Every structure is written in structure tokens, then in C-alpha cells.
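Participant: I would like to see how this sequence folds:
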Amino acid sequence: MREIVKIVPSELRQKVESGWKLDQLAQHYGLSKTSMRNALKQLGLKIRALRTPAFTFVEEEVHDAPAQHITPDEVAEPQVNHEENTTSSDIPSIENATSSETESW
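Facilitator: Residues are numbered from 1 along each chain as shown. Just a heads-up that it's a prediction; the model follows:
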């Protein structure tokens, strides 16, 4: 009679996550591929396909540009369009307008 193989789930999970393949796992635990596949299935583990990725992430390059120092004298004053800034006192009142002024409106 064969001895029952004892598998520690956390160790198996670590091996799977680090990239071990089914053949390697089966050989390590002394199981057939079918038995190893069943053990993985019972634990909800899947062997990842180990493909070479088409891309890689790299750190962003930081260019040390000299800082610009602007003095208060160099800051431009905001330009105000006085034609658009009218107040109610600039608008003629209908009550104070003469009949000749109202006819032109």
C-alpha cells in the first residue's frame, strides 16, 4: 500500500505562485500529474502560463530643470476690459428717459 502524501496547502500555494509547473510539483510530491492536478483543483489553485511579457514597467525619468524664480515685479497685472464691466448706473433708466430716447431703443 502506498503512503499518503501530506501536502501543506500554504507551501503548495507558495510554489504555484512562484511559478512551479505541474511536472515539477508532481515530481516534488511524488504524485502523478493527474493526482497533482486534482490536489490543485481541490485547493482552487491554477498553474499560470509562464510567457514572456510583451512589455515591462520602468521608473519614470525625472529631469532636473532649473527652477524659475519670478519676482513680484515680473508678474503681469491682470487686464480688465472696461467695456464689459458696466454697472447699473451706466445703463439709462426708462423712467428718466425722454420719449425721443425711448423711440430709438
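Participant: drop to CA atoms for contacts and neighbour counts, all remaining ones
Facilitator: Will do.
Participant: For residue 25, which non-adjacent residue is closest in space?
Facilitator: The shortest distance from residue 25 to any non-neighbouring residue, by C-alpha to C-alpha, 6 or more residues apart in numbering, is to residue 36 (7.1 Å).
Participant: so who does that neighbour touch?
Facilitator: 22, 25-26 (C-alpha atoms under 8 Å, 6 or more residues apart in numbering).
Participant: Please identify which of those residues is nearest to residue 51.
Facilitator: Each of the contacts of residue 36 was scored against residue 51 by C-alpha to C-alpha, and residue 22 proved nearest at 15.4 Å.
Participant: Next one, pLDDT for the closest one please.
Facilitator: Residue 22 is assigned a predicted lDDT (pLDDT) of 94.
Participant: I figured it was touching residue 35, is that so?
Facilitator: No: between residue 22 and residue 35 there is no contact under C-alpha atoms under 8 Å: 10.3 Å.
Participant: okay, those two: which has more neighbours?
Facilitator: Using other C-alpha atoms under 10 Å as the criterion, residue 22 and residue 35 rank with residue 22 on top: 19 against 12.
Participant: Helix, strand, or coil at residue 26?
Facilitator: Assigned state for residue 26: helix (three-state reduction, DSSP: H, G, I helix; E, B strand; the rest coil).
Participant: didn't it look like it was pressed against residue 32?
Facilitator: Yes: look at residue 26 against residue 32 with C-alpha under 8 Å: they come within range, at 5.8 Å.
Participant: out of the contacts of residue 36, which one sits closest to residue 8?
Facilitator: Nearest member of those to residue 8, counting by C-alpha to C-alpha, is residue 25, at 12.7 Å.
Participant: C-alpha coordinates for stretch 14-34, CSV please?
Facilitator: What follows is stretch 14-34, C-alpha atoms only, in CSV (Å, rounded to 0.1, in the frame of the first residue of the first chain):
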residue,chain,number,x,y,z
GLN,A,14,3.7,29.5,-2.5
LYS,A,15,5.2,27.1,-5.0
VAL,A,16,2.4,27.7,-7.5
GLU,A,17,2.6,31.5,-7.1
SER,A,18,6.4,31.4,-7.6
GLY,A,19,5.9,29.7,-10.9
TRP,A,20,6.3,25.9,-10.4
LYS,A,21,4.9,23.9,-13.2
LEU,A,22,2.7,20.8,-12.9
ASP,A,23,5.6,18.4,-13.8
GLN,A,24,7.8,20.0,-11.1
LEU,A,25,5.1,19.8,-8.4
ALA,A,26,4.1,16.2,-9.2
GLN,A,27,7.8,15.1,-9.1
HIS,A,28,8.4,17.1,-5.8
TYR,A,29,5.4,15.5,-4.0
GLY,A,30,5.9,12.1,-5.7
LEU,A,31,2.5,12.1,-7.3
SER,A,32,1.2,11.5,-10.8
LYS,A,33,0.3,14.6,-12.9
THR,A,34,-3.4,13.6,-12.5
